[in-house]
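**Q** generate a structure from the sequence data that follows.
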Amino acid sequence: MRVKGLSFRKLEMVEAVAKLGSIHAAARALSVSQPVLTEGLKSVEGELGVSLFKRDKNSLTPTLFAKPFLTYVDQIRAELLATKRDIRAKDFIRTDRVFRISAGIRSCAIWVSQAVDMLQRLKPDMSVVVDHDLLNLYSRLVEGEVDIGVSMVDLLPALAPGLVLEPLGQWRAIFIARPGHPLAAIEHLTLEQLKAYPLAGHFNYPVILHLLGEETATMRPLDIAAGWRTSTGQVDTLDSLVDLVASRDCLAIVSEATVKQELAEGRLIELKLVGNPQFLVQLVLAYLDTNTKRDELALFVDTVKAVEAMRDDR
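**A** Numbers count the residues shown, from 1 in each chain. Now for the predicted structure:
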């Protein structure tokens, strides 16, 4: 079987629907909206010219065409993983000189920049790459896409073979907005009122999954995240986040200490929720014990912990 014009993401959508039995559950598992998943499913079926699922009122049941197609998806996944391994083996010299870090915007502002500077001074022949994809950190560590991550402990599997966690400190998360924001005059806000305004970037999602999931016991965290709009302006530095929130009617979730100066100067304000809940996040460094870049890992961990020990904002 060969299918043109279909991304592997769409194939994963079909697989998720087959396993979970509904558009709602599959969309939640893949962190996409239901309309996006429905459109992806229709695209696959349109390309194949067959229906992969029998649609009932509350569920979708795989048809006879689904089984061979899902076998095809498994083959594609195996081929992709084999190709990744082959590329890494053939290009070992290049990849071994790259140290890849995944960290949130808060982590970059407080710890990562200093640790990266130290790495590059002591390892001038090594290139350091930083990105901000925390939701998929464990799978990316396993697949070798990153070497280490600064993440919230709640976003990592409780029992994961070979995963090493180095504890860091806690920080208090707050919702911020610009002075004069439509919500600024409301003393205590509900989640529904907050969700009427977009978040300044996708990097807020890991915090939402952790924090608001605890506060809303009747809802799954992904349901909450999926119901929140993100702004069109995607940012990856603290300065750009502050500029975006200070100039538009969007919100963000950050460490209180990270924007301490902007709050004191009145450039930003904190939005209070009903009951004044304390959103405390435990951060960790995460890496695999099979990672061969021992010197770089040890240097990065030691530098981050040294910076953490000197912080005065805990």
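**Q** need the longest strand for the chain.
**A** strand 163-177 (DSSP state E).
**Q** quick one: distance of stretch 296-304 to the chain centre.
**A** Counting by Cα atoms, centre = their mean, to the nearest Å, stretch 296-304 is centred 23 Å from the centre of its parent chain.
**Q** ends of stretch 117-132, how far apart?
**A** The first and final residues of stretch 117-132 sit 18 Å from each other (Cα to Cα, to the nearest Å).
**Q** list the buried ones in it?
**A** Within stretch 117-132, the residues that count as buried by 16 or more other Cβ atoms under 10 Å are 118-119, 123, 128, 130, 132. The way it works is simple: take the backbone N, C-alpha and C, and place the C-beta from them, glycine included.
**Q** kindly report the same for stretch 279-291.
**A** 279, 281, 283-288, 291.
**Q** tell me, what residue is most central in the chain?
**A** Leu135 (3.0 Å; Cα atoms, centre = their mean).
**Q** and that residue, which of the three is it?
**A** coil (DSSP: H, G, I helix; E, B strand; the rest coil).
**Q** CA-only coordinates of stretch 290-309 in PDB, if you can.
**A** This file holds the C-alpha atoms of stretch 290-309, laid out as PDB (Å, rounded to 0.1, in the frame of the first residue of the first chain):
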ATOM      1  CA  THR A 290      22.300   5.700  28.500                       C
ATOM      2  CA  ASN A 291      23.300   9.100  27.100                       C
ATOM      3  CA  THR A 292      27.000   9.000  26.100                       C
ATOM      4  CA  LYS A 293      27.700  12.700  26.500                       C
ATOM      5  CA  ARG A 294      28.700  12.300  30.100                       C
ATOM      6  CA  ASP A 295      31.100  15.200  30.400                       C
ATOM      7  CA  GLU A 296      28.500  17.600  28.800                       C
ATOM      8  CA  LEU A 297      25.700  16.300  30.900                       C
ATOM      9  CA  ALA A 298      27.700  16.600  34.200                       C
ATOM     10  CA  LEU A 299      28.800  20.100  33.300                       C
ATOM     11  CA  PHE A 300      25.300  21.200  32.400                       C
ATOM     12  CA  VAL A 301      23.700  19.700  35.500                       C
ATOM     13  CA  ASP A 302      26.400  21.100  37.900                       C
ATOM     14  CA  THR A 303      26.100  24.600  36.300                       C
ATOM     15  CA  VAL A 304      22.300  24.700  36.500                       C
ATOM     16  CA  LYS A 305      22.400  23.500  40.100                       C
ATOM     17  CA  ALA A 306      25.000  26.100  41.000                       C
ATOM     18  CA  VAL A 307      22.800  28.900  39.500                       C
ATOM     19  CA  GLU A 308      19.800  27.500  41.400                       C
ATOM     20  CA  ALA A 309      21.600  27.500  44.700                       C
END
